[in-house]
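# A structural model of the following input is requested.
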Amino acid sequence: MYIAGQWCAGAAGRTAPVLNPATGEPVGDVPLAEPSDLDRAADAAADGFAVWRAVPVARRTALLHDAADRLTARADHVGRVMTLEEGKPYAEARGEVLRVADTLRWYAEEARRAYGRIIPSAPGTLLSVRREPVGPVAAFTPWNFPAGSPMRKIAGALAAGCSIVVKASEETPATACEIVRCFDEAGLPPGVLNLVFGDPAEVSARLIASPVTRLVAFTGSVPVGRLLAAAAGAEMKPVLMELGGHAPVIVCADADPVLAARRAAAAKFANAGQVCTSPSRFLVHESVHDAFVAAFAEAADAVVVGDGLEPGVTMGPLANERRLAATAAFVADAAGRGAKIVRGGERQGRRGWFFPPTLLTDVPPDAEILHEEPFGPVAPVVPFTDLDDAVATANSLPYGLAAYGFTRSAATAERLVADLEAGILSINHCGGSVHEAPSGGVKASGHGREGGPEGLDAYLVTKRVSHLLGD
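The predicted structure is shown next:
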């Protein structure tokens, strides 16, 4: 762990094994925090905030750029570390590292634009609005993007002038350590950035209840998000919640079914489907259904499954045994209710947690996979006749993170934009997150935004100042 500018073990010396998803074998151990460690991290964040908030924005920006440059220079190494502990192919992992370095650069520059304003007022009165850092942040990040999820929160917090305690995933700790090392070597003052690991429930309860922390930022599942939001609410602390989804893909009658299938399949099988915004419900007009399924199956056949460090592999294993069991259960439930398994459907091999690209058709409405996020490489395809019905089906679940639509009609595209309930919408592609634009959900998929100017807003508070001039 990294607390108050020092690398350390937990106070009691407890550890947990870190497993390679491609083999199921240990590759290292992660230290687990005790309550005293968490209190020390919170106290360090309080001290760090007092120092960091007073650092001029130009110096903050320069330091963040330095850290980003260090991370870029180590992209090869950090990418391999990520593949070892999370499983995604090395090319994906290295690309993630380079993207998050750019995310840090973007936030570093956005820090220069945290503008306030002067408001015309009565004579002799200066009325202004100031933007100030909210204070020490408690952040909790998942395993599926070991660099992306922590960096979004670290970059936003540090750019705004906040300090932060990050509880990264115990399953992918080394990537987070590599990121923190770049900040440490760039000269970040002690206590501004702290990294801990431990029992998720214990760590979250301690840090959220701490009188030091002023904001709770979380990326993860809807059930856990509800618990953390409730705990933060009890302390009257604001939250930034980027939660799960169940992204619908609507392929309209006028769409190119082959192009739609290829683009959707590429997004579906990225990171073995372990992406909150992954397309996961495919609603395809009956007139193009068969062509879409054929092209999607062809794309699935082209995926090379294996150890992410092996050349030519385009999809790695699932990240842990829990995901393997859950994915198999979704397929078994759908097949048991009458769905047809067109491709895949069973665990691949007996070493590691591999599950092949899987395509389901004839999926009945009551199948679990149409109601709960699969978070794996399984694509259920359902035909529709009327676009209104497809939109209603897409909006029928409590989630609203991402949605996708394919159509050649500008009018239909605008209709999808207006009617689909999602915080992120892509038309004619399945675009991922970008640092210059906001990402986040509606309904049960959370609130608040990461990325874009809105991403910096989460870490700032607004102060109104009325100054009576003269005696």
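
# What residues does the nearest residue to residue 469 once chain neighbours are set aside make contact with?
In space, and not counting its chain neighbours, residue 469 is closest to residue 124: 5.0 Å by C-beta to C-beta, 6 or more residues apart in numbering. To be clear about C-beta, it is placed using only N, CA and C from the backbone, and glycine gets the same treatment. When contacts are counted by C-beta atoms under 8 Å, 6 or more residues apart in numbering, residue 124 touches 468, 469, 470.

# Run through the residues that contact the last one.
When the contact criterion is C-beta under 8 Å, 6+ apart, the partners of residue 470 are residue 124.

# ok but it is inside a strand, no?
No. The secondary structure assignment for residue 470 gives coil rather than a strand, going by DSSP: H, G, I helix; E, B strand; the rest coil.

# State the distance from it to residue 124.
6 Å (C-beta to C-beta, to the nearest Å).

# Does residue 363 belong to a helix, a strand or coil?
When classified by three-state DSSP, residue 363 comes out as coil.

# ok so, going back, name the nearest of the contacts of residue 124 relative to residue 461.
residue 468 (23.1 Å; C-beta to C-beta).

# give me every residue that touches the closest residue to that closest one other than its chain neighbours.
With C-beta to C-beta, 6+ apart as the criterion, residue 468 has its nearest non-adjacent residue at 5.7 Å, and that residue is residue 125. Applying C-beta under 8 Å, 6+ apart, we find residue 125 in contact with 466, 467, 468, 469.

# and the second one, how many neighbours does it have?
Meaning residue 467. Look at residue 467: counted by other C-beta atoms under 10 Å, it has 10 neighbours.

# Surely it is in contact with residue 128?
Yes. Counting by C-beta atoms under 8 Å, residue 128 is a contact partner of residue 467 at 7.3 Å.

# closest to residue 322 among the contacts of residue 125?
Using C-beta to C-beta, these come closest to residue 322 at residue 466, 54.6 Å.

# part of a helix, is the closest one?
No. Using three-state DSSP, the secondary structure at residue 466 is strand, not a helix.

# Look up the residues forming beta bridges with it.
Here residue 466 sits in beta bridges with residue 127, as judged by DSSP bridges.

# how close does it get to residue 101?
42 Å.

# Looking at the two, which is more packed in?
Set residue 466 next to residue 101 and count neighbours by other C-beta under 10 Å: residue 101 wins out with 26 against 11.

# how many neighbours does residue 462 have?
Counted with other C-beta under 10 Å, residue 462 comes out at 10.

# List the contacts of it.
129, 130, 131.

# Just the buried ones from the residues you listed?
For these, a burial check counting by 16 or more other C-beta atoms under 10 Å picks out residue 131.

# Show me which of the contacts of residue 462 is closest to residue 81.
Distances from residue 81 to these, taken by C-beta to C-beta, are shortest for residue 131, at 36.4 Å.
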